[in-house]
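A.B. asks: Structure of the sequence below:
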Amino acid sequence: MTAEAEPGDLVEVRTERGRPLGLAFFSSTSQITLRMLGEGPRDERVLFGDRLRAALAYRDALSPDGNAYRLVSAEADGLPALIVDRYGDYLVVQTLCQASDRRLDLIVELLGEALKPKGILARNDAKIRRLEDLPEVVDVVAGEVPDLIDVREGDITHRVDVRHGQKTGLFLDQRENHLAAGQYARGRALDAFSYNGGFALQMARRCESVLSIDGSELAVAAVADNARRNGLTNIEARLANVFDELRELEIAKERFDTIVLDPPAFAKNKATLAKALGGYKEINLRALKLLKPGGILITCSCSYHVDEALFQDMLLHAAIDAHASVALVEKRLQARDHPVLLGVPETAYLKCFVVRKL
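C.D. replies: Now for the predicted structure:
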């Protein structure tokens with residue numbers, strides 16, 4: 001009974017007729033009162049231990065090409081509101097609901113036993129914690145964690161700020177798409193909304209030149225620094241508003257063989273969906289005008305509210321307005337270490353379309 005439960009309790013959920021449905025996390029403040037865990041033992045050490053080991057075994061089976069990737073992806077691994085990311089010898093943990101936060105010590109202990117990391121950082125400064133009446137804090141909860149960590153993605157090295165960087169430091173959900181872009185890239189490339197250069201760095205190894213654009217001074221500095229560290233001299237990191245810069249490049253009649261669009265989530269909720277679709281159409285229209293015939297556009301959306309059908313329809317109308325014929329080469333999702341749980345559409349949020357301009 002929720003009336004008897006304490007914030008963050010592990011509770012048993014039953015139907016009105018008393019049939020058990022499984023275990024759940026209870027929240028006293030969130031609109032998501034119950035986060036289902038399904039069937040499992042009531043012994044929390046056994047429950048969390050079993051599910052953590054299963055999540056880690058799955059990532060081992062993926063044999064990721066790099067040492068920065070997601071180890072635990074919340075509901076998709078049967079551990080709601082828990083994120084665990086690996087950055088080399090260090091782990092970054094996020095506990096995003098009352099229940100997972102209450103069990104942080106247990107989670108840290110189990111991760112320490114399984115992985116022996118040099119340090120674990122609790123990156124609990126996400127605004128979503130406010131909905132659970134939880135403080136926004138960043139704490140080292142085991143060992144020591146440096147401010148900057150060098151990690152590998154394919155043949156590229158990134159320097160990561162795990163305390164202040166986006167998400168837990170990198171956009172790990174794009175890791176496999178970065179590597180795929182490196183295979184498609186050729187000629188002169190453009191990486192718009194580049195953040196720390198995940199796409200730009202991979203493409204630079206195959207391209208004559210890469211223009212990287214972002215509106216954040218920190219992001220532009222990170223791209224330039226990562227380029228230097230990897231010995232890549234063909235990347236220009238430019239500070240600019242991407243919408244404005246795409247228009248300026250079009251006016252200047254610039255042309256590119258490969259273009260990547262990886263903007264932040266334009267649609268934070270349903271109320272902003274129409275405006276978001278307008279933003280996506282604008283940047284894709286401009287990109288298609290800048291793209292040479294035969295060129296490749298890799299265009300992404302991490303907005304859950306913009307589903308695949310809406311995204312594809314937007315791209316079609318952008319192509320029509322750009323007077324461009326395009327062929328769909330490939331549809332991609334988030335990296336496999338961010339699995340999609342059938343029946344939970346929120347876990348399928350990232351769209352990555354690869355198209356060719358005819």
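
A.B. asks: quick one: residue 263 and residue 246 touch, right?
C.D. replies: No: here residue 263 does not reach residue 246: they are 11.1 Å apart, not a contact under CB atoms under 8 Å. Quick note: C-beta positions are derived from backbone N, CA and C, even for glycine.

A.B. asks: Residues that sit against both of those two, list them.
C.D. replies: Residues touching both residue 263 and residue 246 (CB atoms under 8 Å, 6 or more residues apart in numbering): 192, 283.

A.B. asks: Who has more neighbours out of these two?
C.D. replies: Neighbour count, other CB atoms under 10 Å: between residue 263 and residue 246, residue 246 has more, with 25 against 19.

A.B. asks: For the nearest residue to residue 92 once chain neighbours are set aside, give its distance to residue 121.
C.D. replies: Ranked by CB to CB, 6 or more residues apart in numbering and with sequence neighbours excluded, the top spatial neighbour of residue 92 is residue 168, at 4.2 Å. Between residue 168 and residue 121 the computed distance is 8 Å (CB to CB, to the nearest Å).

A.B. asks: More neighbours: the two, which one.
C.D. replies: With neighbours defined as other CB under 10 Å, residue 168 and residue 121 compare such that residue 121 has more, 27 against 24.

A.B. asks: What helix or strand is that one located in?
C.D. replies: strand 119-124 (DSSP states H and E).

A.B. asks: Flag the shaky bits of the stretch 201-350 of the chain, pLDDT-wise.
C.D. replies: Within the stretch 201-350 of the chain, no stretch has pLDDT under 70.

A.B. asks: And the helices in the stretch 101-250 of the chain?
C.D. replies: All helices of the stretch 101-250 of the chain, identified by DSSP state H, counting those that start in this stretch, fall at 104-115, 175-184, 198-204, 217-229, 242-251.

A.B. asks: Could I get the ones you listed in TSV, plus columns for distance to residue 285?
C.D. replies: As requested, those are arranged in TSV below (distance: least, CB to CB, whole Å):
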stretch	distance to residue 285
helix 104-115	45
helix 175-184	21
helix 198-204	20
helix 217-229	24
helix 242-251	9
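
A.B. asks: Go through those helices and name the closest to residue 149.
C.D. replies: Residue 149 lies closest to helix 217-229 among the helices of the stretch 101-250 of the chain, at 13.0 Å (CB to CB).

A.B. asks: which residues are contacting that closest one?
C.D. replies: 156-159, 194-197, 200-201, 204, 212, 214, 233, 235, 237-239.

A.B. asks: how does it look with 7 Å?
C.D. replies: The contact list for helix 217-229 (CB atoms under 7 Å, 6 or more residues apart in numbering) reads 157-159, 194-197, 200-201, 212, 214, 235, 237-239.

A.B. asks: who's in contact with residue 5?
C.D. replies: Contacts of residue 5 (CB under 7 Å, 6+ apart): 11, 26.

A.B. asks: what do you get if the cut-off is 10 Å, keeping everything else the same?
C.D. replies: 11, 24-28, 33-34 (CB atoms under 10 Å, 6 or more residues apart in numbering).

A.B. asks: Over to residue 206?
C.D. replies: Residue 206 is in contact with 181-187, 189, 258, counting by CB under 10 Å, 6+ apart.

A.B. asks: What's the separation between it and residue 212?
C.D. replies: Separation of residue 206 from residue 212 (CB to CB) stands at 15 Å.

A.B. asks: one step back: now the contacts of helix 217-229: which count as buried?
C.D. replies: With burial judged by 16 or more other CB atoms under 10 Å, the buried subset of the contacts of helix 217-229 is 158, 194-197, 200-201, 212, 214, 235, 237.
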